[in-house]
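**Q** here's a sequence, model it:
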Amino acid sequence: MSAGTGAGGALAGRVALVVGAASGIGAAIAEAYAAEGAAVVAADRDGEALVRSAEGVASTVTLDVADEASVTTAVGRVLAEHGRIDVLVNSAGVLDESPLAEMSLAQWRRTVDVDLTGVFLTCRAVLPSMLAAGGGRIISIASQLGIKGGVGLTHYSAAKAGVIGLTKALAREVAPAGVLVNAIAPGPVETPMVAGISEDWKRAKRAELPLGRFGTPAEIAPTAVLLASDPGGNLYVGQVLGPNSGDVMP
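**A** Presented below is the predicted three-dimensional model:
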């Protein structure tokens, strides 16, 4: 696999670790970063899907964001191979649908473990190297449901609200050291993850959106490029950018 073809792009010379890169938004971000000249390390729990989606990236690594040892080992491998991580993208996630009154504790814990604790674990693993280098970018994929909530998605909404809170708090901690931490809160996006939600839910959600349609991963990736770029992303600190079809208008 070769590095990105856009050697003179907005991210030329950067090493980017994109977690959750096997499909959906993460795959689109990995592709966009590679096109902008970054050396992209694509990471995911699904190693086979990762290989299929990894064209153009510099390397791949398998990791489970809900497993502390897996995250620590994977980040260590990336640092050993590339020497640094300039950009971390947290895009791994799970999504299923259940009324709270019928939700099992296991279902709740799985969602929070992957969608929130996984962000904590990857940030904690990567931050020391960024702080030592005097800079870096961390971009986490939240959701507009973390702002407004969603029927049948209390576990997901709570986890994504946690990602937003983590982003703001961490941004205040590390911005003085040159590490800029931000989030992207997309609206519904046509991804394999959203494909598992009921058609009734999706039909009702489309009717709510001013645009009347869900987004695509390729429409989210440019926001991640902006936040990682210099000078484009230089003044974003603790921000939550919302490519969400008009679902939330802060």
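
**Q** I'd like the mean pLDDT over stretch 151-171, please.
**A** Averaging pLDDT along stretch 151-171 yields 98.

**Q** for that stretch, C-alpha coordinates in CSV please.
**A** What follows is stretch 151-171, C-alpha atoms only, in CSV (Å, rounded to 0.1, in the frame of the first residue of the first chain):
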residue,chain,number,x,y,z
VAL,A,151,-36.0,8.5,20.7
GLY,A,152,-34.9,4.9,21.2
LEU,A,153,-31.3,6.0,21.3
THR,A,154,-30.8,7.1,24.9
HIS,A,155,-27.6,5.1,25.3
TYR,A,156,-26.1,6.4,22.0
SER,A,157,-27.2,10.0,22.8
ALA,A,158,-25.7,9.8,26.3
ALA,A,159,-22.4,8.4,25.0
LYS,A,160,-22.1,11.1,22.3
ALA,A,161,-23.0,13.8,24.7
GLY,A,162,-20.1,12.5,26.8
VAL,A,163,-17.8,12.8,23.7
ILE,A,164,-18.8,16.4,23.4
GLY,A,165,-18.1,17.1,27.1
LEU,A,166,-14.8,15.2,26.9
THR,A,167,-13.8,17.2,23.9
LYS,A,168,-14.5,20.6,25.6
ALA,A,169,-12.8,19.7,28.8
LEU,A,170,-9.7,18.1,27.2
ALA,A,171,-9.4,21.1,24.8
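
**Q** separation between residue 78 and residue 232?
**A** Counting by Cβ to Cβ, to the nearest Å, the gap between residue 78 and residue 232 amounts to 24 Å. For glycine as for every other residue, the C-beta is placed from the backbone atoms N, C-alpha and C.

**Q** neighbour-wise, which of these two wins?
**A** Set residue 78 next to residue 232 and count neighbours by other Cβ atoms under 10 Å: residue 78 wins out with 23 against 12.

**Q** so the more buried one, which of the three states?
**A** helix (DSSP: H, G, I helix; E, B strand; the rest coil).

**Q** pLDDT at it, what is it?
**A** What the model reports as pLDDT for residue 78 is 98.

**Q** contacts only, for the closest residue to it other than its chain neighbours.
**A** Counting by Cβ to Cβ, 6 or more residues apart in numbering, residue 78 lies nearest to residue 41, which is 5.1 Å off, once chain neighbours are set aside. When contacts are counted by Cβ atoms under 8 Å, 6 or more residues apart in numbering, residue 41 touches 15-18, 57-61, 78, 81-82, 85.

**Q** by neighbour count, which of those residues wins?
**A** Within the contacts of residue 41, residue 18 tops the neighbour count with 31 neighbours, counted by other Cβ under 10 Å.

**Q** tell me which element that residue is part of?
**A** Using DSSP states H and E, residue 18 falls within strand 15-19.

**Q** give me the phi and psi for residue 228.
**A** With angles defined as degrees, to the nearest 10, residue 228 shows backbone torsions of phi -90, psi -10.

**Q** poorly predicted segments of this structure, please.
**A** For the chain, the stretches with pLDDT under 70 are 1-7.

**Q** and for it, the residue most distant from the center?
**A** When each C-alpha in the chain is compared with the mean C-alpha position (Cα atoms, centre = their mean), residue 101 comes out farthest, at 29.1 Å.

**Q** now that residue: how far from residue 154?
**A** In terms of Cβ to Cβ, residue 101 sits 10 Å off from residue 154.
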